[in-house]
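[1] I need the structure of the sequence given here:
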Amino acid sequence: MRKFKRIITLVVLILVVLSAVKVAPLALEFLSVSKCQGDDVSFEVAKGSGVSQVADALKERGIIKNRYTFIARVRFFSEGSIYYGTHSITNGMTLADIVNTLTTAPEDMNTVTLSVPEGYSVEMIAHRASEAGLCTYDEFIQALNDTYEYEFINHIPDANHKYKLEGFLFPDTYEFFATDDAHAVIDKMLGAFQTQYTKYFTDFNRMYEIVTKASIVEREAVLDSERATIAGVINNRLAKDMLLQVDATVVYAKSAGLYDITQVTYADLEVDSPYNTYKTKGLTPGPICNPGIKSILAAAKPESHEWLFYHTDEVKKDGSHIFTKTFDDHVATMN
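    You can find the predicted model right below:
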């Protein structure tokens, strides 16, 4: 029996040593202790390359030891995305140095600033990217069908949504190379969404529902203080199996996502669309815009109250709303 225990102990020790021998170099590389060796090289990142493709090319050239440590370093420790073009990688660089080099724009490269406000739809972003000269409107819409390597995309369900990626093009101000294309624009915005979302959530299980609600909150709320309140109204109406009857969903359907309708008429409420919450119960098939983090957090933690209705306060005219429990009070408080 004692001999058997010694054999088991020896086997365990061998496995531990083998694991340490195999894992230690990867850990050293990831923690930026291990340095790349060899001649200085010029490394070309082809236009349209994703992080995985760049990792494969670096591994093939012998610049990095493991593709997964590189991908993890870019995904979780880099604020930017990889720039296309030729990069100089020198002997002695750590993995952190390599990632920093590939995610830093060369000084002589012309850049374009693209500002995307909260609440912009796919169509609105496509127009703005076109105006910035990064791509045409049609190129942007087409690039939405490309493959993008982000974990959260696997949690977007197959649904009757207009665009699969609507809601996940994170609103922010971005810097792009003038030579970048629609794929690069979308990729960076999706990366920003994943970065921001994972700061507050540990998984993507409820993500689609949260972002869909957040998109409605984003288009309805003007004041930050009312975002969670409006999210609470949405939850209350869903719980009672009521039509949401949100004007923003009608405008999304009626305006082809451009939100250029200033007033909703009774005729508009009859628009035939799964996004029309005056006719279809439940949430819209997907987000109706791309919400910011404040609306996402409000949708995830809505205010608890009994309100079922709200309308703009036309006396204050500051973007605030009047919230009521009954339809009679809703009508009575119209001003």
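
[2] and the helices in the stretch 1-150 of the chain?
    2-30, 51-60, 67-77, 95-102, 122-131, 137-143 (DSSP state H, counting those that start in this stretch).

[3] sorry, wrong one. I was asking about the stretch 151-300 of the chain.
    182-200, 207-220, 227-239, 247-254, 293-300.

[4] sketch out the low-pLDDT regions of the stretch 101-250 of the chain for me.
    Scanning the stretch 101-250 of the chain for pLDDT under 70 picks out the ranges 105-109.

[5] let's see it at 90
    101-111, 149, 159-160, 175-180 (pLDDT under 90).

[6] name the surrounding residues that touch stretch 294-306.
    Contact with stretch 294-306 is made by 118, 197, 200-201, 206, 210-211, 213-215, 217-218, 221, 224, 227-232, 234-236, 291, 323, 325, as judged by Cβ atoms under 8 Å, 6 or more residues apart in numbering. No exception for glycine: its C-beta is placed from N, CA and C like everyone else's.

[7] buried subset of those residues as a PyMOL selection?
    Entered in PyMOL, the line below selects the buried ones among the contacts of stretch 294-306, by 16 or more other Cβ atoms under 10 Å:
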select buried, resi 118+197+201+210+211+213+214+215+217+218+221+227+228+229+230+231+232+234+235+236+291+323
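
[8] now Phe192. Nearest residue, chain neighbours left out?
    Not quite, residue 192 is Ala, not Phe. Phe170 (4.0 Å; Cβ to Cβ, 6 or more residues apart in numbering).

[9] could you double-check that that neighbour lies in contact with Ala214?
    No. Counting by Cβ atoms under 8 Å, Phe170 stays clear of Ala214, with 11.6 Å between them.

[10] tell me the centre residue of the chain?
    In the chain, the C-alpha nearest the mean C-alpha coordinate belongs to Phe193, at 2.4 Å (Cα atoms, centre = their mean).

[11] who touches the residue nearest to that residue when sequence neighbours are not counted in this structure?
    Distance criterion Cβ to Cβ, 6+ apart; nearest residue to Phe193, sequence neighbours excluded, is Phe170 at 4.0 Å. Residues counted as contacts of Phe170 (Cβ under 8 Å, 6+ apart) are 116, 189-190, 192-193, 196, 290, 292.

[12] can I get stretch 177-189 as CSV, trimmed to CA atoms?
    Output of stretch 177-189 as CSV, limited to C-alpha atoms (Å, rounded to 0.1, in the frame of the first residue of the first chain):
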residue,chain,number,x,y,z
PHE,A,177,-6.8,55.7,-40.1
ALA,A,178,-8.0,57.5,-43.2
THR,A,179,-7.4,54.2,-45.0
ASP,A,180,-9.6,52.2,-42.7
ASP,A,181,-12.8,50.7,-44.0
ALA,A,182,-16.3,49.8,-42.8
HIS,A,183,-15.1,46.5,-41.3
ALA,A,184,-12.5,48.3,-39.2
VAL,A,185,-15.1,50.9,-38.0
ILE,A,186,-17.6,48.2,-37.0
ASP,A,187,-14.9,46.0,-35.4
LYS,A,188,-13.7,48.8,-33.2
MET,A,189,-17.2,49.7,-32.1
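
[13] wait, isn't Glu209 in contact with Gly282?
    No. Assessed by Cβ under 8 Å, Glu209 is found out of contact with Gly282, at 10.6 Å.

[14] Ser255 and Ile261 touch, don't they?
    Yes. Contact criterion Cβ under 8 Å: Ser255 and Ile261 qualify, at 4.9 Å.
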